[in-house]
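Peer 1: Predicted model and sequence below, questions to follow.
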Amino acid sequence: MDTRPSLAQLGLSTGKKARLHRILHQHGLRNGTALFLPYDQGLEHGPRDFFANPAAGDPRYIVRLAVEGGFNGIAVQIGLAEKFYWDYAGEVPLILKLNGKTDIPSDAEALSPMHAGVAEAVRLGADAVGYTLYVGSPAQERDFAQLRTVRQAAERFGMPLVVWAYPRGEAIEAKGGKDSYYAVDYAARTASELGADVVKVNFPHPEKRTDVKAPYGGEYSTQQAIDAVVRSANRTLVLVSGGERAGDDAMLEKARQSMEAGATGLIFGRNVWQREHDESLRFVARLQEILAKHPSL
Amino acid sequence: MDTRPSLAQLGLSTGKKARLHRILHQHGLRNGTALFLPYDQGLEHGPRDFFANPAAGDPRYIVRLAVEGGFNGIAVQIGLAEKFYWDYAGEVPLILKLNGKTDIPSDAEALSPMHAGVAEAVRLGADAVGYTLYVGSPAQERDFAQLRTVRQAAERFGMPLVVWAYPRGEAIEAKGGKDSYYAVDYAARTASELGADVVKVNFPHPEKRTDVKAPYGGEYSTQQAIDAVVRSANRTLVLVSGGERAGDDAMLEKARQSMEAGATGLIFGRNVWQREHDESLRFVARLQEILAKHPSL
Amino acid sequence: MDTRPSLAQLGLSTGKKARLHRILHQHGLRNGTALFLPYDQGLEHGPRDFFANPAAGDPRYIVRLAVEGGFNGIAVQIGLAEKFYWDYAGEVPLILKLNGKTDIPSDAEALSPMHAGVAEAVRLGADAVGYTLYVGSPAQERDFAQLRTVRQAAERFGMPLVVWAYPRGEAIEAKGGKDSYYAVDYAARTASELGADVVKVNFPHPEKRTDVKAPYGGEYSTQQAIDAVVRSANRTLVLVSGGERAGDDAMLEKARQSMEAGATGLIFGRNVWQREHDESLRFVARLQEILAKHPSL
Amino acid sequence: MDTRPSLAQLGLSTGKKARLHRILHQHGLRNGTALFLPYDQGLEHGPRDFFANPAAGDPRYIVRLAVEGGFNGIAVQIGLAEKFYWDYAGEVPLILKLNGKTDIPSDAEALSPMHAGVAEAVRLGADAVGYTLYVGSPAQERDFAQLRTVRQAAERFGMPLVVWAYPRGEAIEAKGGKDSYYAVDYAARTASELGADVVKVNFPHPEKRTDVKAPYGGEYSTQQAIDAVVRSANRTLVLVSGGERAGDDAMLEKARQSMEAGATGLIFGRNVWQREHDESLRFVARLQEILAKHPSL
Amino acid sequence: MDTRPSLAQLGLSTGKKARLHRILHQHGLRNGTALFLPYDQGLEHGPRDFFANPAAGDPRYIVRLAVEGGFNGIAVQIGLAEKFYWDYAGEVPLILKLNGKTDIPSDAEALSPMHAGVAEAVRLGADAVGYTLYVGSPAQERDFAQLRTVRQAAERFGMPLVVWAYPRGEAIEAKGGKDSYYAVDYAARTASELGADVVKVNFPHPEKRTDVKAPYGGEYSTQQAIDAVVRSANRTLVLVSGGERAGDDAMLEKARQSMEAGATGLIFGRNVWQREHDESLRFVARLQEILAKHPSL
């Protein structure tokens, strides 16, 4: 807990502070924590993610679920934001995702191309923008260039910048894979160095030690690993991602450790909406129980 | 039928709604359905497509055919629009196709380069613009970048954006090919996520199951597949493409299933104009009989 | 003859019509036909083309030859236009060639880079601009992007756009080569679809049937082939290129068939100036005899 | 000493001179020498560099260390500058590092992408900007283009430009590696030719003679080598980098030779902060003893 | 001699004529000839070029040498111009070199990236700008694009454009190498076609006949070759490069033949400053004796 910085310490401009305050203190539990609902899988993986619960293929269902579940925000691409956010505009904060890609071509030189800009987030009444950075990809030159334009526009508009910091690409695969402690820790730091206000990370797996850089080859508990990742993000707020759907107990334990480490919140998609409606809300309630134990001071 | 959204539900700006209303309710059957005549094959395949009916090589013949046949619109490239649309300007809506390519070089990293802009569509009195997106191509980075500029200009000018969502490229070939249910479903969703107002898809082939992603390997009827594709497009209106010329009964059955699934209409080119003039009009009449059964409510 | 469109039918803006009228009706035979003198070989092939007649290496000689021979225009690159056109400015129309390349590096992914813009053509008093499009090249993405900026600037300035439509690149080589009927026909159509006002094509060789796309594998006479090429260009005026120097009778027959097919004129360079001065003028006179038989109606 | 130019000789604009004067004469020893604390390793190498002294992972600790140690400046990326410099703004000069990269993908075609601009350095009250140039990289085309925009903006804003001149990439590896006398000498010169006001170089290793260009294959002492490097930089001020942590005596000898050669100062990061706090300050004091012996005249 | 055009014939704008007049008639021998001192080798080859005469590594020494030797101009990169030209500003004309590269990475796809612009030449009081064009390189697309922006800016500012026309790259190597008569002749012509006011060429070697294009395979004397090269440049003034240091007699003979052919002057660097100071001036005097014999009429 003691590593989570307060909004006052983050070096935020007035507009960014106003919008983050709205997300963290005027929605959800209103206690400085956050639970986000990401819904970019239709682009990132295609409709196959909706076969488990076909209702979830309908963006209207998802936006309503975010409102009903008391989420702090919903993250969608421009197309869905334009067509579906109006119905519930203002009832749940919008994080406009500015880039994304299909998972069809090779990921070896992963880059997530932009398809929307910060000004459009302003137009749609969004409270934050999201950008996927593929840390370690051979395409980092173009990635950093894209991120730079986003960061500068976000600065200009006072729009909080949430970076999906994902280790990815052939070099990451050769150095232990995308969810090793090494990779996640580096990704969190990179987002912070490049100016993210909030960073979304995968939960680190310290047991993946093969081929990782020297100090990460040691023995670390998952709590030690997530603690270090949050520290590496320093004054960038941390959101821990749910990833693929897994067992509820494992997910809740991950959530507990993350909040214990000083994360600001969770961003769970498939683990929420790949189940029937009421079951989704029950699972959300359990996550919120955990968040309730870690209010900002 | 119940899955086709009304114009009022699409989150459209005033200009886009005005132009789509003109296309769907003031041309063709004037019942909210659409029959489009695409004529970009001279660039996409070259003049070889006109050997079956040499008259069709003359753009003037085609524009007149669109007027005579009561089409809701004709889609052509900038060169033909500038030289031939004046003769019948206003008599049939113009969809200006903004990108295109020859089929001579390799399709492995397919990208359809732009050769015109939205402002030119405005100048020519067009009621929509068309953009070909090669979903799954390794060139998706440049493709998304192009589409973004088009979508933003279309938003600025109130110009409806029709996306030709075509699975294409070496990765698509390795994952079951361009007309599998998997590929078409993903393509429809991608267009929707990226902000298409209307999406043109190929008719899905659920029997192509080799190498497709997990849930698509199951047994599905073509009706189930096209139903799902239209759902994946959600509030993006769906046009189903005719593709290469095939037998009339097969084409009509495809048209019936598409409209039954909630598609807004059809976009048939070679199946129309690769036959003699009067025969073309007779075939068009049969398509219109089907459209007449699926008015917007 | 009946396939050559009149200037009034081409959908031209006022400025383009004025300039084409000047070229076609106030220079040369003043009968709506055209004979152009291209002089970009010093860049395209290097000075080796001038060894046959060293005098031709001097641009001043060539500009004067164009005036003496009563040509409808001379096509040169920016460097020569700036240094040599002043001497005879206004006496013969200038077509400023906007792109070009050396023939030293590989042609596999041919692209002709730009080195001048339309505004410079305006500044120099040119009556048209020339752009080389390598139809079928793997570099078509960048080629189309270049052409788009040229076409839009030409539209803005009312400057006629002449497209050198050359099939080129490794895929063309694999599909029958650059002067097959298939390749030339496709090239003519592509220029028309992309908005050329005038297209320069090579004379088609229908006897090159190996590897060409299906309908072009049949038996066609050269007259049938050039007829089809002119039809494919539809409302884009056609100029037939002389190419490498060949026998006079063959060249004159080519000219005759082209004009018979409805071409607007000829663009002959090496066949003209790779011979001694007076002989050049005699050959030009023979070409003009042919043009005289095909006035615009 | 006699090779170190005075500020008056460097051809500096008023703004650049004012800011360099502030760095060199109003901070640190105030004698025209400089000791900089670089802190871009969190991005360049990842958090692994902080395992030796976990406190150093906290940017706040580092900024305070720079203040306590009497450094002439601290070099950080935009993210940390925005979040941590405010606390001590003005107490120690800020060098905003404008580009950087992770060390995950291959270095064969090394390029350090930009993620911030000179205008942002102005906004944050920085006194210089830093740019990493990978001298000899196959990516030099894009590198020079980036540097050009930085140099021109720095000129416009009167902001001193510090170039991290690092030999890097596959060709450097093939020609003796990145810290040979040959490579370091060439790098220093390149920065000077391209307009750096200050250049950061690695200490040259004249004993690395394999594969280097001809005259560098001879026998040279390290003093001869660093003398030559400083001469090659001519009127560009030289900072010698500490590099990886090594033994104290070796580091101090390196510092002595550098200052003797006419360098303006040192830029030591890991050698400073990869040890416990008080030990860091003691080491800094020893470096400053050396600097004190080489005041600007 | 009769092939050297006068300034009045070159189609120059007022500003270009004024500046070339200053270079050719108000400096050096003031007789319309030119002797230039190029000093870009520190970037192009690195400091190794200065080992022969270490004093030459100091740009101040070189600028002074240009003044003392009565050169018509000195060509340097932006960094040295900003730091060293002020001392002697106006005493010798400055040619600001706008692009350049290190010789570390492979030359197979040679391109000389830009690091300064024409406006900076204006700011520094330069009388010309220099651009290296690698004729025949596979990178010609980007090269031509760069040159285009330079040529247009030079036109706008009335700044003479000197093109270093260097055959280079893998295709040149495969066609006889960079100093064959074929390659040099083509390079001179290319610079002229693309709009150079002055072209710097290497002295041609007609004896290199292997793999060159057809007519260049014949027997030619060096005088015939350099005559032809100057003719190919037509109204672009020719400077002949000294290249690597060679024997004095050979260099002087080269100079004589060049001037005899109609070249405007010489651009000798290493042959001048890779020797002791007074010896340099003596060699310069011998070059000027030759130039004195070829005044402009």
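Peer 2: Good, I have the coordinates. Numbers count the residues shown, from 1 in each chain, chains lettered A, B, ... in the order given.

Peer 1: Isn't A:K83 up against B:L10?
Peer 2: Yes. Between A:K83 and B:L10 there is a contact under C-beta atoms under 8 Å: 6.2 Å. (Glycine included, C-beta is placed from N, CA and C.)

Peer 1: higher neighbour count, the two?
Peer 2: For A:K83 versus B:L10, the count of surrounding residues by other C-beta atoms under 10 Å in any protein chain shown is larger for A:K83: 24 against 20.

Peer 1: How far does the helix or strand harbouring that one sit from its chain's centre?
Peer 2: Element membership for A:K83 (DSSP states H and E) is helix A:78-84. Distance of helix A:78-84 from the chain centroid (C-alpha atoms, centre = their mean, to the nearest Å) equals 19 Å.

Peer 1: Could you pull out the buried residues of that helix?
Peer 2: If you call a residue buried by 16 or more other C-beta atoms under 10 Å in any protein chain shown, then helix A:78-84 has these buried ones: A:I78, A:G79, A:L80, A:A81, A:E82, A:K83, A:F84.

Peer 1: and the next helix or strand after it with chain B, contact?
Peer 2: Once helix A:78-84 ends, the next helix or strand along the chain (criterion: DSSP H and E) is strand A:94-97. No. Judged by C-beta under 8 Å from any C-beta of the partner chain, strand A:94-97 stays clear of chain B, getting no closer than 9.2 Å.

Peer 1: tell me what strand A:94-97 is packed against?
Peer 2: With contacts taken as 3 or more C-beta pairs under 8 Å, 6 or more residues apart in numbering or on different chains; DSSP states H and E, strand A:94-97 sits against strand A:73-76, helix A:78-84, helix A:118-123, strand A:128-135.

Peer 1: Kindly export the second one (C-alpha atoms) in PDB.
Peer 2: C-alpha atoms of helix A:78-84 as PDB (Å, rounded to 0.1, in the frame of the first residue of the first chain):
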ATOM      1  CA  ILE A  78     -13.100   4.400 -31.800                       C
ATOM      2  CA  GLY A  79     -15.700   2.400 -33.900                       C
ATOM      3  CA  LEU A  80     -17.600   1.100 -30.900                       C
ATOM      4  CA  ALA A  81     -17.200   4.300 -28.900                       C
ATOM      5  CA  GLU A  82     -18.900   6.200 -31.700                       C
ATOM      6  CA  LYS A  83     -21.700   3.700 -32.100                       C
ATOM      7  CA  PHE A  84     -22.400   2.600 -28.500                       C
END
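
Peer 1: Determine if any part of that helix is in contact with chain B.
Peer 2: Yes. Residues of helix A:78-84 contacting chain B under C-beta under 8 Å from any C-beta: A:I78, A:G79, A:L80, A:E82, A:K83, A:F84.

Peer 1: what packs against that helix?
Peer 2: Counting by 3+ C-beta pairs under 8 Å, 6+ apart, helix A:78-84 packs on helix A:59-68, strand A:94-97, helix B:181-193.

Peer 1: List the strands paired with the shortest one, with their directions.
Peer 2: Based on DSSP bridges, the strands next to strand A:94-97 in the sheet, each with its direction, are strand A:73-76 (parallel), strand A:128-135 (parallel).
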